[in-house]
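Colleague: A structural model of the following input is requested.
(one chain, ligands or ions: 3)
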Amino acid sequence: MVDLLLGLQWGDEGKGKIVDVLTKDYDVIARFQGGPNAGHTLEFDGIKHVLHTIPSGIFHENAINVVGNGVVIDPVIFKKELDNLGKFNIDFVKKLLISRKAHLILPTHRLLDAASEASKGKAKIGSTLKGIGPTYMDKTGRNGMRVGDLEFDNWKEKYRELANKHESMIDYYNVDIQYDLKDLETEFLEGVATLKKLKFIDSEQYIFDAMASGKKILAEGAQGSLLDIDFGTYPYVTSSNTTAAGACTGLGVSPNKIGRVLGIFKAYTTRVGSGPFPTELFDEDGETMGRVGNEFGATTGRPRRCGWLDLVALKYAVQINGVTELMMMKGDVLSGFKSLKVCTAYHYKGEEITHLPYNIEAENVSPVYKEMSGWDKDLTKMTTESEFPDALNAYIAFLEKELHVPIKIVSVGPDRKQTIHR
Ligand code: GDP
Ligand code: IMO
Ligand code: MG
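Modeller: Ligands and ions are numbered 1, 2, ... in the order given. Down below sits the predicted model:
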């Protein structure tokens, strides 16, 4: 069976941390979608690591890490990631396997992303500008280049043809994008050379064989359910299926082989980039969450927008993904708030609704809040649930009651050790 770990909000829920914590129980960790738009942070032994393409099980001796067919890989960023980990003595050839069917992000995909965003003006998506949208467009348009193409002698011709097409598309946007393709290509070729040092595999077969031999597999999601191309806040989303079904197509795993679905959420909500966010705060409370939670994007460094927990959106994500267990992150950030708010419904067209409507722009919905007591105690040194303040227990109990799913992990700080199992 393959277990899934998925972000239930707009990304940055703490997936990297939890995958790292859980890896000891798994043989294989596999990314199934997204690309270097992801920034997954892990902290242990006083060191902080940010991973973009490499699965978050890479620091464990026992685990094989697979980059699945649904992922898009930028060889340039990939090389940087490997170089950054150079001093940690990781045997990448043995521990990091790459799907031949994963698509490649070309330098011109990144330029196209920038051109598209520039042309949108105020309506921009707030993309991480890593070339994700254009690469998935080429994938679904059946024009893309895949990792497996690099094993053929003519791959540079294929590259040239695609890059030329992209250049004329960039011209079409008619925006001011400065670039030197020669420099970008040099970097790209270096990246490809590094990528080619790793083992390319038919990852669907690898995963199938691993399952058949009783190995335990954890699929690591990137982004979050509300950024899903189908079910997120379109068009302010990413270009892949970030939800449970994405793991089936992104790894070649059939639905009846999915086991536990671990859904991860922050005790409040954040979003980076544009798009609707009904519980967003523009006051001191939001500012406090951002400051205490150190809410800056792990990939772009942009400040994350902050707001109260949105149960309407969270319920929707639990439903779409079939979440079987929940993990609540960053509870420690809420210490010190006198009272907490949780959005339990939306005012929408004169009605109170508890499902996510087609359009959740601020002019259409306003949150209905339940107010709960806050807690003062610092949670970051706690190691068991028995130390939790009553108000935190009440917060957890309320969420479990509303979501009908148990909260099995409460995270009280960024470090691996600051993780409480219930
Ligand atoms: P991901 O993209 O889902 O892996 O999450 P990110 O790494 O982008 O963002 C989560 C941030 O919160 C990182 O800086 C983590 O180190 C940090 N973090 C994770 N869990 C906790 C927690 O329980 N408390 C606090 N204070 N920080 C946390
Ligand atoms: P992790 O895996 C948070 C957001 C961007 C933008 C939108 C589209 O770290 O949780 P894209 O680059 O995909 O074209 O951007 O999606 N976004 C993320 N936000 N966490 C992420 O990944 C994200 N990946 C993309 O900010 O709003
Ligand atoms: Mg992140």
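Colleague: got the contact list for the closest residue to residue 99 other than its chain neighbours?
Modeller: Spatially, and ignoring its direct neighbours in sequence, residue 99 is nearest to residue 203 (3.7 Å; CB to CB, 6 or more residues apart in numbering). For glycine as for every other residue, the C-beta is placed from the backbone atoms N, C-alpha and C. Contact analysis of residue 203 by CB atoms under 8 Å, 6 or more residues apart in numbering lists 30, 66-69, 97-102, 251-252.
Colleague: contacts only, for residue 384.
Modeller: By CB under 8 Å, 6+ apart, the contact set of residue 384 is residue 420.
Colleague: pLDDT score assigned to it?
Modeller: We have a pLDDT of 97 for residue 384.
Colleague: gap between residue 260 and residue 321?
Modeller: 11 Å (CB to CB, to the nearest Å).
Colleague: compare those two (neighbour count), which wins?
Modeller: residue 321 (25 against 14; other CB atoms under 10 Å).
Colleague: neighbours around the residue lying closest to residue 309 once chain neighbours are set aside, how many?
Modeller: Excluding its sequence neighbours, the residue lying closest to residue 309 (CB to CB, 6+ apart) is residue 342, at 5.0 Å. Neighbour count for residue 342, taken as other CB under 10 Å: 22.
Colleague: what helix or strand is residue 342 on?
Modeller: strand 339-348 (DSSP states H and E).
Colleague: identify the residues contacting residue 119.
Modeller: Residue 119 neighbours (CB under 8 Å, 6+ apart): 173-175.
Colleague: typo on my end, it should be residue 289
Modeller: Counting by CB under 8 Å, 6+ apart, residue 289 makes contact with 268, 270, 281, 295, 306-307, 333-334.
Colleague: residue 64 contacts residue 26, doesn't it?
Modeller: No. Applying CB atoms under 8 Å as the test, residue 64 and residue 26 come out as separate, 9.4 Å apart.
Colleague: ranges for the helices of this structure?
Modeller: Counting by DSSP state H, the chain has helices at residues 15-22, 75-84, 92-95, 107-120, 132-140, 155-173, 181-195, 203-212, 244-251, 284-292, 311-321, 390-403.
Colleague: give me whichever of the ones you listed is most buried.
Modeller: Among these, helix 15-22 has the highest mean neighbour count (mean count of other CB atoms under 10 Å), at a mean of 25.
Colleague: from the contact counts, what lies against that helix?
Modeller: Using 3 or more CB pairs under 8 Å, 6 or more residues apart in numbering; DSSP states H and E, the elements in contact with helix 15-22 are strand 2-7, strand 40-44, strand 217-220, strand 258-266, strand 325-329, strand 407-411, strand 419-421.
Colleague: got the contact list for that helix?
Modeller: Outside helix 15-22, the residues touching it (CB under 8 Å, 6+ apart) are 5-7, 29, 39-44, 50-51, 55-57, 59-60, 218, 220-222, 262, 264, 327, 329, 409, 411, 414, 416, 419.
Colleague: for the residue lying closest to residue 5 once chain neighbours are set aside, list each beta-bridge partner.
Modeller: Setting aside the residues directly before and after it, residue 5 is nearest to residue 262 in space (CB to CB, 6+ apart), at 4.6 Å. Following DSSP bridges, residue 262 is listed with bridge partners residue 5, residue 325.
Colleague: touching, residue 262 and residue 321? I think so.
Modeller: No. Between residue 262 and residue 321 there is no contact under CB under 8 Å: 9.5 Å.
Colleague: return every residue with contacts to both of those two.
Modeller: In contact with both residue 262 and residue 321: 4, 6, using CB under 8 Å, 6+ apart.
Colleague: tell me the contacts of the residue in the stretch 251-400 of the chain positioned nearest to ligand 2?
Modeller: Proximity of the stretch 251-400 of the chain to ligand 2 (CB to the nearest ligand atom) peaks at residue 273, 2.0 Å away. The contact partners of residue 273, by CB under 8 Å, 6+ apart, come to 125-128, 236, 302.
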